[in-house]
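Participant: Sharing a model that was predicted from the sequence below.
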Amino acid sequence: MGVKRRTSGVWRQASGVWSSTPGARRSLALVLMLNLSTASYSAAQQIKAGDLAPDFSLTALDSTVVHLAAFRGRPVIINFWATWCPPCIQEMPELARRFAQRGDANLAVLAVNADGEKPDKIRRFAAALALPFPVLVDPRVSTATAYGVIQLPVTVFVDTAGVMRIVHAGPLQPDQLDAGLRMILPLPGSQPQMPGD
């Protein structure tokens, strides 16, 4: 199960009431807002494997604007994460390794900060892990909302046609990452697998 609250000690329980710093209150409000906005989606607006990935434009840490549509024709992993999320922190190095291993397959990884955190904090996090792929800032959490993100991490595997093959909520284990890559990276001379194949 993904993380729904901060576990870094920023939120503390005192007499059954959560107390927090202003930043933690902002994050709690964000989680509540995501839950409320997601609950208001109609069934037709819920994303699922087999749907076309919702397009987005976000600013990367290097100030370039990244459009998902520009990656059409390439396999893409979209990872929604936050700096305070332990499973997010644990899976980032594995995503970076797989990205480096699969460079010849034209694989793109887009790491979307889905907590509205300040760019300086995100930049320090990305530098500490030496992330080799674009780290995107979603300041209003609109992209995370469009993807129905209500917990972190969430990883979406998108094939070369822009179709979401797997939408995985929660920590991503290496075998799950391998399965997702098999869905979006065709073997030489073959087509990508379809869900359920």
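Facilitator: Arrived safely.

Participant: give me the beta-bridge partners of the spatially most central residue of the chain?
Facilitator: Within the chain, the residue whose C-alpha comes closest to the C-alpha centroid is Phe80; the distance, by C-alpha atoms, centre = their mean, is 1.7 Å. On the basis of DSSP bridges, Phe80 is bridged to Val112, Val154.

Participant: Poorly predicted segments of the chain, please.
Facilitator: By pLDDT under 70, the low-scoring segments of the chain are 1-45, 103-104, 187-197.

Participant: Now do the strands in it.
Facilitator: Counting by DSSP state E, the chain has strands at residues 12-14, 17-19, 57-60, 65-67, 76-81, 108-113, 135-137, 154-158, 164-169.

Participant: With distance to Pro186 as added columns, please give those in JSON lines.
Facilitator: Bear in mind the C-beta positions are built from the backbone N, C-alpha and C, glycine included. Formatted as JSON lines, the strands of the chain follow (distance: least, C-beta to C-beta, whole Å):
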{"stretch": "strand 12-14", "distance to Pro186": "49"}
{"stretch": "strand 17-19", "distance to Pro186": "48"}
{"stretch": "strand 57-60", "distance to Pro186": "27"}
{"stretch": "strand 65-67", "distance to Pro186": "24"}
{"stretch": "strand 76-81", "distance to Pro186": "14"}
{"stretch": "strand 108-113", "distance to Pro186": "15"}
{"stretch": "strand 135-137", "distance to Pro186": "26"}
{"stretch": "strand 154-158", "distance to Pro186": "13"}
{"stretch": "strand 164-169", "distance to Pro186": "12"}
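
Participant: How far does stretch 63-82 stretch from one end to the other?
Facilitator: End-to-end distance for stretch 63-82, by C-alpha to C-alpha, to the nearest Å: 19 Å.

Participant: Off-centre distance for that stretch?
Facilitator: 10 Å (C-alpha atoms, centre = their mean, to the nearest Å).

Participant: And that stretch, what's buried?
Facilitator: For stretch 63-82, burial by neighbour count (16 or more other C-beta atoms under 10 Å) applies to Val66, Leu68, Phe71, Pro75, Val76, Ile77, Ile78, Asn79, Phe80, Trp81, Ala82.

Participant: Who is the spatially closest residue to the third one that is not a sequence neighbour paired with across the strands?
Facilitator: Going back to what we said before, that points to Phe71. Nearest residue to Phe71, sequence neighbours excluded (C-beta to C-beta, 6 or more residues apart in numbering): Ala108, at 5.0 Å. When assigned by DSSP bridges, Ala108 has beta-bridge partners Val76.

Participant: Done for today, thanks.
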